[in-house]
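> quick one: sequence plus predicted model below, questions after.
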Amino acid sequence: MLFVKDPDGSYSPAPKKRVLTEANKLMGYQLRRGASILSSECAKAVIGCKLRAKQHEVFACLFLDSQHRVLAFKEIFTGTINHTTVHPREVVREALQLNAAAIILAHNHPSGSIQPSTQDIALTRTLADILKIVDVRILDHLIVGDEVTAFSDLGLLPEK
């Protein structure tokens, strides 16, 4: 529960809108350049907040340095209600431009489902193979729906 101080000095529960505003500030703080992403739970929380409310599919990447500090979070592709076309060369271009050592892939399912599709799995494998050539590791692939699931939790990440 978040409490706010009234002008008379007493504390009362914060309105829902204020709580959500403060939560978004905290999550944004976690994605600032230089912040460390040290666990799958941290990544799921911050990326989930960014992609959960989208009404169309969005494919995003969290680009990290070799110490897993944030370089940038970018929504790279936008699609329809149930499909996004992802061009691997654009992901590679962004990774090289930012001098990233690692990436966390993420996309949302506006339907709320968190089950990876066969296309999601194939895309992750393709990107892992391509990025391996330029020495960039995929740390995880998150699917944001009503909850957030991670390929790492499901054992679906390609071998490193």
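Cool, got the structure.

> residue ranges of the helices in the chain, please?
Assigned helices in the chain, in chain order: 16-30, 40-51, 88-98, 118-133, 151-154 (criterion: DSSP state H).

> which of these is buried the deepest?
Scoring the helices of the chain by mean neighbour count under mean count of other C-beta atoms under 10 Å gives helix 40-51 as the most buried, with a mean of 20. In this view, the C-beta of every residue, glycine as well, is placed from N, C-alpha and C.

> how far does that one sit from the chain's center?
5 Å (C-alpha atoms, centre = their mean, to the nearest Å).

> let the chain start at 54 from now.
Sure, I'll start numbering at 54, so the last one becomes helix 93-104.

> let me know the pLDDT of E147.
We have a pLDDT of 97 for E147.

> quick check, central residue of this structure?
Nearest to the geometric centre of the chain sits I100, at 3.4 Å (C-alpha atoms, centre = their mean).

> so what's it closest to, chain neighbours aside?
Leaving out its chain neighbours, the residue that sits closest to I100 by C-beta to C-beta, 6 or more residues apart in numbering is A159, at 4.7 Å.

> that neighbour: neighbour count?
A159 has 26 neighbours, counted by other C-beta atoms under 10 Å.

> ok, now Q108?
Residues near Q108, counting by other C-beta under 10 Å, number 8.

> list the residues that contact L176.
Contacts for L176 (C-beta atoms under 8 Å, 6 or more residues apart in numbering) come out as V139.

> how much space between the residue nearest to the centre of the chain and G87?
Here the criterion is C-beta to C-beta, to the nearest Å. By it, I100 lies 17 Å from G87.
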